[in-house]
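J.: Next one to model:
(one chain, ligands or ions: 2)
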Amino acid sequence: MSRSVRLVPAAAAVLALALTGTACGGGVHGTPGGAGVRDPYFPKAGNGGYDVGHYALTLDYTPATRHLTGTAVITARATQDLSAFDLDLSGLHVDAVTVDGRDARVSRAGQELTVRPHDDLPRGRTFRTTVRYSGTPHTLTDPDGSAEGWLPTADGALGLGEPVGSMAWFPGNHHPSDKAAYDITVTVPEGLQAVSNGELTSVSTHGGRTGYHWHTPEPMASYVAMVAIGHFDIARTKGPDGLPVLTAVDRTQARASAKVLAKLPEIIKWEEDTFGPYPFSSAGATVAGPDDAGYALETQTRPVFPGAPETGTLVHELAHQWYGDSVTPRSWRDMWLNEGFATYAQWLWQEDHGGDSAQKTFMHYYDGDDDALWAYPPAKPPGAAHISDSPVYERGAMVLHKIRQKVGDEAFFALLRGWAAVHRHGSADTADFTAYVEKQAPGKDFTEIWRDWLYGDGKPAHP
Ligand code: TRP
Ligand code: ZN
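T.: Ligands and ions are numbered 1, 2, ... in the order given. The predicted structure is shown next:
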């Protein structure tokens with residue numbers, strides 16, 4: 001969703017309903033929206049010609065058979081006259097597609113599900129696409145070798161999305177540049193729990209199956225949407241200013257997780273003091289079994305951890321709520337805006353909690369002998385397989401530390417908070433960031449930092 005058309009779900013639904021009756025496209029002759037939004041690393045991710053405002057996903061899953069039945073109701077606005085548009089969906093069987101209640105023609109090629117509505121859609125029209133689908137969702141392997149998409153676990157499953165795994169479990173505009181509100185309802189055999197993003201607004205059991213309804217009112221990129229099915233202990237507590245905090249802990253991890261998860265309110269408070277107001281209406285954590293996911297992920301409001309996290313990892317994934325989830329990279333090239341910031345958050349946490357100063361951590365990396373750190377500059381990963389290597393994480397954090405050295409602490413922390421405030425719930429790229437820093441610190445010269453630390457090849461000559 002772009003900020004100008006952000007609609008609360010109810011309003012979006014009403015608007016879509018109001019427009020549903022308008023039978024034909026008013027003689028509009030549209031063109032296809034096109035596959036992909038020219039992401040430098042994932043050219044087929046996302047689609048042209050529309051902007052999603054809301055996803056309503058109704059998923060029914062049975063772990064024993066690994067069978068998923070889904071309905072996705074996608075409310076979007078046409079950004080051009082459209083004769084057809086694509087959704088991204090990998091695997092699964094598409095049973096039926098309607099647009100504004102009328103059957104649409106569909107075809108599939110790779111991850112592209114092309115929908116041709118009965119009538120062309122005029123630019124500006126808000127329309128509602130309903131996709132009914134089913135099958136066994138699959139696990140995708142990233143270019144960097146990590147597993148995402150749908151991950152079956154011992155007693156359930158995990159649905160994860162970074163960078164392009166969400167297309168394995170729901171059809172959508174799967175690029176970080178199109179954020180939307182979500183309502184996700186997951187129905188599972190009674191006795192299991194289903195966890196997702198945002199607020200748990202209802203739980204109901206009928207005929208041996210239990211439905212969990214989760215509501216995300218703020219814009220969310222699809223790569224941080226999440227579903228976790230299994231035996232979870234669900235607990236609620238409060239963060240700063242009464243912020244609802246909900247944790248879901250795989251029962252085998254309850255003991256190991258209790259102490260670290262008790263720090264959630266304190267960490268959120270420290271991050272609010274450092275980064276500004278928490279950007280969402282709820283918070284929490286999802287602790288999966290240690291073998292269920294090979295990595296932690298900053299899924300919105302409720303990051304996922306493979307077993308009980310270390311404090312530093314919790315600090316990292318919570319920092320992503322500001323940097324990544326609220327301020328979202330415009331393309332996968334801007335990944336350092338996520339990982340450099342979340343890594344620097346860990347350095348700052350240590351500095352404030354009796355550990356090494358960020359300066360010491362910076363010098364540790366600068367003087368260290370890990371050549372991988374200097375393999376490429378943070379703002380220019382050489383390919384999709386390298387968007388999550390140490391130049392993006394640690395060298396990205398070093399860029400922030402260089403800015404701090406240049407402007408001093410007071411201005412630096414104002415920059416951290418200001419960046420999160422200016423692009424709150426939006427999308428931003430590296431050029432936006434450098435322009436923002438320059439605007440906030442007139443009279444300072446950042447030429448060398450950008451040239452040597454952000455965009456330059458090799459190890460900068462001076463720390
Ligand atoms: N973003 C995660 C983190 O650092 C790490 C991660 C998990 C990742 N899966 C990924 C990064 C896929 C890039 C691609 O918290
Ligand atoms: Zn991260």
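
J.: Is any residue of stretch 38-48 near ligand 1?
T.: No - remark: stretch 38-48 sits outside contact range of ligand 1, by C-beta under 6 Å from any ligand atom, the gap being at least 10.2 Å. The C-beta positions use only the backbone N, C-alpha and C, and glycine is treated the same way.

J.: dump the residue contacts of residue 111.
T.: Under the criterion of C-beta atoms under 8 Å, 6 or more residues apart in numbering, the contact partners of residue 111 comprise 44, 88-90, 164, 167.

J.: repeat that with 10 Å
T.: Each residue near residue 111 by C-beta atoms under 10 Å, 6 or more residues apart in numbering is listed here: 35-36, 42, 44-45, 86-91, 140, 164, 167-168, 171, 174.

J.: Of those residues, keep whichever come out buried.
T.: Burial of these was assessed by neighbour count (16 or more other C-beta atoms under 10 Å); the buried members are 35-36, 42, 44-45, 86-91, 140, 164, 167-168, 171, 174.

J.: Next step: those residues restricted to strands.
T.: With strands identified by DSSP state E, the entries of the buried ones among the contacts of residue 111 that belong to them are 86-88, 140.

J.: now the helices for the stretch 151-300 of the chain?
T.: Here the stretch 151-300 of the chain has its helices, by DSSP state H, counting those that start in this stretch, at 254-261, 264-275.

J.: And the contacts of the last one?
T.: Spelled out, that is helix 264-275. In this structure, residues lying in contact with helix 264-275 by C-beta under 10 Å, 6+ apart are 237-241, 243, 245, 247, 260-261, 263, 278-279, 283-285, 311, 314-315, 317-319, 321-323, 326, 341, 345, 348-349, 352-353, 413, 416-417, 419-421.

J.: three-state assignment of residue 60?
T.: Secondary structure assignment for residue 60 (DSSP: H, G, I helix; E, B strand; the rest coil): strand.

J.: got a pLDDT number for residue 50?
T.: Each residue has a pLDDT score; the one for residue 50 is 98.

J.: And for it, nearest residue in space, chain neighbours not counted?
T.: For residue 50, the nearest residue in space outside its immediate sequence neighbours is residue 76; the separation is 4.4 Å by C-beta to C-beta, 6 or more residues apart in numbering.

J.: In three-state terms, how would the one you found be classified?
T.: Under three-state DSSP, the three-state class of residue 76 is strand.

J.: and it, how many neighbours does it have?
T.: Here the count is done by other C-beta atoms under 10 Å, and residue 76 has 31 residues near it.

J.: Can you verify my assumption that it contacts residue 86?
T.: No - using C-beta atoms under 10 Å, residue 76 is not in contact with residue 86; the gap is 11.8 Å.

J.: near ligand 1 too, which of the contacts of helix 264-275?
T.: Among the contacts of helix 264-275, the ones lying close to ligand 1 by the criterion of C-beta under 6 Å from any ligand atom are residue 317.

J.: So which of the contacts of helix 264-275 are in strands?
T.: Here DSSP E is the test, and these give 237-238, 245, 247, 283-285 as lying in strands.

J.: Output these in CSV, with pLDDT appended to each entry.
T.: Formatted as CSV, the entries for these read as follows, by pLDDT from 0 to 100:
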residue, pLDDT
237, 97
238, 97
245, 98
247, 98
283, 98
284, 98
285, 98
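
J.: Is residue 72 bridged to anything, and to what?
T.: residue 57, residue 131 (DSSP bridges).

J.: So it is in contact with residue 173, correct?
T.: No - look at residue 72 against residue 173 with C-beta under 10 Å: they stay out of range, at 11.2 Å.

J.: Which neighbours do those two have in common?
T.: Contact criterion C-beta under 10 Å, 6+ apart; residues shared by residue 72 and residue 173: 55, 87.

J.: Just checking stretch 382-398 against ligand 2, any contact.
T.: No - for stretch 382-398, no contact with ligand 2 is found by C-beta under 5 Å from the ion; the gap never falls below 7.0 Å.

J.: That stretch near ligand 1 at all?
T.: Yes - remark: stretch 382-398 sits within contact range of ligand 1 at 387-388, by C-beta under 6 Å from any ligand atom.
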